[in-house]
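Undergrad: dropping the sequence and predicted coords here.
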Number of protein chains: 2
Amino acid sequence: MKISEVSEQSGLSADTLRYYEKIGLLPPIHRSESGIRNYGEQDVRRIDFVKCMRSAGLPIEVLIDYFALVEQGDATIAARKMILQEQRAQLIAKMAEMQETLDLLNQKIQGYEEGVLKAEQALSENRLPAQAP
Amino acid sequence: MKISEVSEQSGLSADTLRYYEKIGLLPPIHRSESGIRNYGEQDVRRIDFVKCMRSAGLPIEVLIDYFALVEQGDATIAARKMILQEQRAQLIAKMAEMQETLDLLNQKIQGYEEGVLKAEQALSENRLPAQAP
DNA sequence: GTAACACCTGGAGTTAACTCCAAGTCAAGG
DNA sequence: CCTTGACTTGGAGTTAACTCCAGGTGTTAC
């Protein structure tokens, strides 16, 4: 698979794919004789994994460390598991924060709905309401 | 309230508070005669709001736009509501992505748990299992 | 009065994660 | 043979959001 195909399929730009390889987030991709990258199935699977983790905000550094451990074989399974557990904990925490924000946003939006309602009522009755930020 | 107190109470650094003011995310804070910021209750409430929104990843730009509308009074209520709804939609989408990542992370971790289990069994029986990244 | 301390400013530096660019190579079509 | 277009590289530039610093001023404690 050429870089343009992988780019299309993954939604990551070719630049990003090369960048990921350069910094070691992807392994050195096999090349044709003329030096053109040819992504294998395993590469594509890794890219999908990376994309998923990145979309949730896991830092590239962490993923690099993780894959470095994968390279080193089964002796590192415990360490890998710890990395994933740590990231999971952070993800859960972040989602909880976002839920709080979501709740507040919902409140505010509802406040505006009610505010507008009141304002409309007031307008048709010639009164003036007010609302906080 | 002095900047150090607000900093302590909000968890934002004094530098960040000044930065927020400089870029217009906070209004010009009232000063003492000698030029020292004196944050009022309203400022503190706004800072809490900003902090909450920022913790969920809402861009500063969006918040600045939002507060600019607030300044302009009730005529902008519909626009404000739209901003919040848009941000809510993005937040929900992001949380869904994170949930997917969380699911995958859970799968992987469980895979490692089972993998280790198999490995331990195999070790005590002199067999060799394997596992993917 | 002076030393220590919190605060001020403008501006430079940092970080993560891309993104873009110039200049070059190669394969295929006309 | 020549052009077109996808690919290559190393390196520079961008963006968001801080974070730090030097140099200066005002306030407080002794």
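TA: That came through, no problem.

Undergrad: hang on, A:Leu63 in a helix?
TA: Yes - judged by DSSP: H, G, I helix; E, B strand; the rest coil, A:Leu63 forms part of a helix.

Undergrad: excluding sequence neighbours, find me the nearest residue to A:Pro28.
TA: Sequence neighbours aside, A:Glu21 is the residue nearest to A:Pro28 in space, at 6.7 Å (criterion: Cβ to Cβ, 6 or more residues apart in numbering or on different chains). All C-beta spots, glycine's among them, are computed from the backbone N, C-alpha and C.

Undergrad: hang on, that neighbour is in a helix, isn't it?
TA: Yes - under three-state DSSP, A:Glu21 sits within a helix.

Undergrad: what's the burial count for it?
TA: Per other Cβ atoms under 10 Å in any protein chain shown, the neighbour tally for A:Glu21 reads 16.

Undergrad: can you show me the helices along chain A?
TA: In chain A, the helices defined using DSSP state H lie at A:3-10, A:14-22, A:41-55, A:60-71, A:77-125.

Undergrad: could you export those to TSV, including columns for mean pLDDT and distance to DNA strand D?
TA: Output for the helices of chain A, formatted as TSV (pLDDT from 0 to 100; distance: least, Cβ to the nearest atom of the strand, whole Å):
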stretch	mean pLDDT	distance to DNA strand D
helix A:3-10	97	3
helix A:14-22	98	5
helix A:41-55	98	12
helix A:60-71	98	14
helix A:77-125	90	14
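
Undergrad: what's the spacing between the closest residue in space to A:Ile36 that isn't next to it in sequence and A:Thr16?
TA: Closest residue to A:Ile36 apart from its sequence neighbours, by Cβ to Cβ, 6+ apart: A:Lys2 at 6.8 Å. As judged by Cβ to Cβ, to the nearest Å, A:Lys2 and A:Thr16 stand 15 Å apart.

Undergrad: need the contact list for the spatially most central residue of chain A.
TA: Among the residues of chain A, the one closest to the centroid is A:Ser55, at 1.3 Å (Cα atoms, centre = their mean). The contact partners of A:Ser55, taken as Cβ atoms under 8 Å, 6 or more residues apart in numbering or on different chains, are B:Glu97, B:Met98, B:Glu100, B:Thr101.

Undergrad: whichever of those end up buried, select them in PyMOL.
TA: Selection of the buried residues among those in PyMOL, burial being defined by 16 or more other Cβ atoms under 10 Å in any protein chain shown:
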select buried, chain B and resi 98+101
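
Undergrad: nearest to chain A among the contacts of A:Ser55?
TA: When the contacts of A:Ser55 are compared for distance to chain A (Cβ to the nearest Cβ), B:Thr101 wins out at 3.5 Å.

Undergrad: correct me, but A:Leu63 touches A:Lys51?
TA: No - using Cβ atoms under 8 Å, A:Leu63 is not in contact with A:Lys51; the gap is 10.6 Å.
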